[in-house]
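S.K.: coords please:
(chains A and B)
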Amino acid sequence: MELTGKERIWQEYQKEIAGDNYFYARSCIRQTFFPGSEWAYLDILRNKLDKRVTEDPKHTTCTGIGYHTDVVPAETTMTVVARHFALMTEAGCENITPSCITSFGLYTEILDTWEHHPEIEEKIREFLWKATKREFKKPANLAHTSDIIYKFRNEIAALAPHRLRDVHTGRPLRGVDHIGCHYAKMFPAKGIGGAEFPAVLSGLIQAWGGESVDYPERRHCCGFGFRNYLVMANRGFSVANSKKKFESMQAYEPDFIVANCPGCAMFLDKWQYTLSEMEGVTYGQHGFGIPVFTYEELTALVLGYDPWEIGLQMHQVAVEPFLDKIGIAYDPEAKYLNSRGESMGRPACPTYMKVIK
Amino acid sequence: MSTLLERLKKNIHFEEGMNSCMNCGVCTAICPAAEFYDYDPRRLVDAVQRENEESIRELLRSEQIWYCGECMSCKTRCPRGNTPGLVVMALRQLSQEEGCFTESEKGRQQYALKRVIAHNILERGYCITPDLVKPEMHPEQGPVWEWVYAHMDELYERMHANLKQAGPGVLRQIDDDSMQELHRIFEVTGGMEYMERIEQCSVKKAEELGTTPEEYFISVYTENNGRHGN
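M.R.: Residues are numbered from 1 along each chain as shown, chains lettered A, B, ... in the order given. Next up is the predicted model:
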């Protein structure tokens, strides 16, 4: 069928995403702040969608944070990533799916650089051989893990016991998407919807019955800015950028925020606490913050996973008001228990931002 | 001896990021750093484009090249296909190779980043791990993170992680062979030498200031002279 009009134009904003056989590259930040998300993603892919996902414990950091704080030079980073491609090749895979947006951006940038400069690719191959005696094939398909969820959003909707609707009123829940800068701002053709019409997360919200909120600062950076957060003296930059986003989205009364970058998800969660302590402000309803989810957490919630099994107790902003709206049953007492059912105590309460005690 | 400009032009980031700038200022309009810092990527790119050796050296010693957060929003918007963020990366590399970075407050922070991030990469195989996010250094993380930190082993176990253990999974211990491969990659590609240069220049600066490297680390990590905002 020949596409015409807007359908044809939209086709230009799509990307090819492999349908199965993925090599999974873990994320330093996601493992640190959202360990349950990586577990949930693999469980969903393998056990709900029946996909083959391979990982290799020999996989290390891509060095992306070192690269973007300018302490690791480009040739070093490229060779570390070449080693990842070698592990993928050795595993018999050709579709690589990084969990981290920084890694995704870096892999994309490196493949683009090698396309423009085959002599650099050759040099990196020599470096890798000299250092590790490994060789690699370039991936046939590179997709961020949120792309994979997007590809199967309708299959997930068909399996999901929950919809993104207020079970008390039937109102579609309003979701703010936050796309990590390095997903599509550097190479728009590599992201669904490009940099202008980000659809990789709003597509999930809509497919699962919610309403996607478009607001003025939707495309603004969360404020991580690498050195601008990692050095304590610079954190004003980071919190100021997040504040700009919160103030812009607040008028639309979002029920939740969802992010595909693990750093963005962490900042948008934690900076709400910081801003409440600094200025006494909260951006959500009734004195709570706006709950922030990784796309894996949102997927797992609609699929009926236990909130405490996927790590929502690690969030600073209370998630219970959202769970109550969507109609997900949870055991409040289980929130702070370890694997043996023993209490791990409870976090202290913030000064201003409400939490469920 | 190559000029600074010649060395910049050999840098892949400069080659990919610098075409011809018409000074429209769209990069500055979209830049999150320009919004909160006294920073203007348009002026920075213009200064480089003029190919004045002294101006480039001045940039290498300045605060200006250290404000960018490398979000690369500028790449999306530039109508001429420039990427000021990549030009900044090339300037930062040259500043560190030349030892100029210790002449600015923001540049001196490279010592803290090298000590924290590079150390973690080479010791753990990760850029960041939970134990690195110490609550006293990260008060903005809030009381839930304090609780996570205090109950790290049992909480990550609950999250199905494999914290510091052999085998696959979240936050597993990277095996010795892989760590050796990582180290050899840093050695053969010049990564070790690059980081050593940051270390040496920083230790020298600490001596000039009459402080120990440890005191210097704390000061560059925490101090802000309050003169960076716009």
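
S.K.: who touches residue A:208 in this structure?
M.R.: Residues near residue A:208 by CB atoms under 8 Å, 6 or more residues apart in numbering or on different chains: A:153, A:156-157, A:160, A:163-164, A:298, A:302. C-betas here are computed from N, CA, C, even on glycine.

S.K.: Most neighbours among these, which one?
M.R.: residue A:164 (28 neighbours; other CB atoms under 10 Å in any protein chain shown).

S.K.: so what's that one scoring on pLDDT?
M.R.: Listed pLDDT for residue A:164 reads 98.

S.K.: was I right about it contacting residue A:175?
M.R.: Yes - in this structure, residue A:164 is within contact of residue A:175 by CB atoms under 8 Å, at 6.7 Å.

S.K.: between these two, what contacts are shared?
M.R.: What both residue A:164 and residue A:175 touch, as defined by CB under 8 Å, 6+ apart, is the set A:205, A:210.

S.K.: Tell me where the stretch 1-150 of chain A has strands.
M.R.: A:22-25, A:53-54, A:95-98, A:141-142 (DSSP state E, counting those that start in this stretch).

S.K.: could those strands go into TSV alongside mean neighbour count, mean pLDDT and distance to residue A:278?
M.R.: Below are the strands of the stretch 1-150 of chain A laid out as TSV (neighbours: other CB atoms under 10 Å in any protein chain shown; pLDDT from 0 to 100; distance: least, CB to CB, whole Å):
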stretch	mean neighbour count	mean pLDDT	distance to residue A:278
strand A:22-25	24	98	36
strand A:53-54	17	98	42
strand A:95-98	25	98	34
strand A:141-142	20	98	40
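
S.K.: quick one: contacts for residue 163?
M.R.: You didn't say which chain, so I picked chain A. A:208-210, A:302, A:326.

S.K.: try chain B instead
M.R.: Residue B:163 neighbours (CB under 8 Å, 6+ apart): B:130, B:152-153, B:156-157, B:170-172.

S.K.: Number of residues surrounding residue A:19?
M.R.: Around residue A:19 there are 12 other residues, counting by other CB under 10 Å.

S.K.: Excluding sequence neighbours, find me the nearest residue to it.
M.R.: residue A:151 (7.3 Å; CB to CB, 6 or more residues apart in numbering or on different chains).

S.K.: and if you look at residue A:52?
M.R.: Closest to residue A:52 by CB to CB, 6+ apart is residue A:21, at 5.1 Å.

S.K.: Could you verify my assumption that that neighbour touches residue A:91?
M.R.: No - counting by CB under 8 Å, residue A:91 is not a contact partner of residue A:21; they are 9.8 Å apart.

S.K.: can you list residues touching both of those two?
M.R.: Residues touching both residue A:21 and residue A:91 by CB under 8 Å, 6+ apart: residue A:54.

S.K.: burial measure for the closest residue to chain A within chain B, as a count.
M.R.: Proximity of chain B to chain A (CB to the nearest CB) peaks at residue B:69, 2.4 Å away. By other CB under 10 Å, 28 other residues sit near residue B:69.

S.K.: Excluding chain neighbours, give the residue nearest to it in space.
M.R.: Residue B:69's closest residue in space is residue A:225 (CB to CB, 6+ apart), at 2.4 Å.

S.K.: how close does the one you found sit to residue B:39?
M.R.: Noted for residue A:225: a distance of 12 Å to residue B:39, by CB to CB, to the nearest Å.

S.K.: cool, residue A:74 as well?
M.R.: 23 Å.

S.K.: likewise residue B:93?
M.R.: Distance, residue B:93 to residue B:39, by CB to CB: 19 Å.

S.K.: Equivalent analysis for residue A:218, please.
M.R.: 23 Å.

S.K.: show me the contacts for residue 113.
M.R.: Looking at chain A here, since you left the chain open. Counting by CB under 8 Å, 6+ apart, residue A:113 has contacts A:78, A:120, B:12, B:16.

S.K.: switch to chain B, that's the one I care about
M.R.: Counting by CB under 8 Å, 6+ apart, residue B:113 has contacts A:69-71, A:227, A:230-231.

S.K.: That one: helix or strand, and which one exactly?
M.R.: Using DSSP states H and E, residue B:113 sits in helix B:110-113.

S.K.: Could you give the average pLDDT over that helix?
M.R.: On average, helix B:110-113 scores 98.

S.K.: One more: stretch B:51-59?
M.R.: For stretch B:51-59, the per-residue pLDDT averages 95.

S.K.: How about the closest residue to residue A:253 other than its chain neighbours: which residues does it bridge to?
M.R.: Among residues not flanking residue A:253 along the chain, residue A:174 sits closest, at 6.5 Å (CB to CB, 6+ apart). Taking DSSP bridges as the rule, residue A:174 bridges to residue A:211.

S.K.: for the closest residue to chain B within the stretch 201-350 of chain A, helix, strand, or coil?
M.R.: Using CB to the nearest CB, residue A:225 is the residue of the stretch 201-350 of chain A that sits closest to chain B, at 2.4 Å. Look at residue A:225: counting by DSSP: H, G, I helix; E, B strand; the rest coil, its state is coil.

S.K.: To what extent is it buried, counted in neighbours?
M.R.: 25.

S.K.: For it, give me the pLDDT.
M.R.: 96.

S.K.: now residue B:2
M.R.: Looking at residue B:2, its pLDDT stands at 68.

S.K.: same thing with residue A:1?
M.R.: Residue A:1 is given a pLDDT of 59.

S.K.: Give me the neighbour count for the closest residue to residue B:56 other than its chain neighbours.
M.R.: With CB to CB, 6+ apart as the criterion, residue B:56 has its nearest non-adjacent residue at 4.7 Å, and that residue is residue B:4. A count of neighbours around residue B:4, defined by other CB under 10 Å, yields 23.

S.K.: can you name the farthest residue from the center of the chain?
M.R.: Looking at chain A here, since you left the chain open. The centre of chain A is farthest from one residue, residue A:130, which by CA atoms, centre = their mean lies 34.6 Å away.

S.K.: nope, chain B
M.R.: Distance to centre of chain B, CA atoms, centre = their mean, peaks at residue B:158 (33.7 Å).

S.K.: any residue of the longest helix that chain B contains up close to chain A?
M.R.: Assignment by DSSP state H gives helix B:191-208 as the longest helix of chain B. Yes - on the criterion CB under 8 Å from any CB of the partner chain, helix B:191-208 is in touch with chain A at B:191, B:194-195, B:198.

S.K.: does residue 221 sit in a helix, a strand or a coil?
M.R.: All of this is about chain A. coil.

S.K.: Report the contact partners of the residue of chain B closest to chain A.
M.R.: Neighbours of residue B:69 in contact, by CB under 8 Å, 6+ apart: A:221, A:223-228, A:237, B:32-33.

S.K.: what residues go with each domain of the chain?
M.R.: Because you didn't say which chain, this covers chain A. Here the domain parsing of chain A from automatic domain parsing is A:22-145, A:161-334.

S.K.: actually it's chain B I care about, not the one you picked
M.R.: When chain B is parsed with automatic domain parsing, its domains come out as B:4-106, B:134-173.
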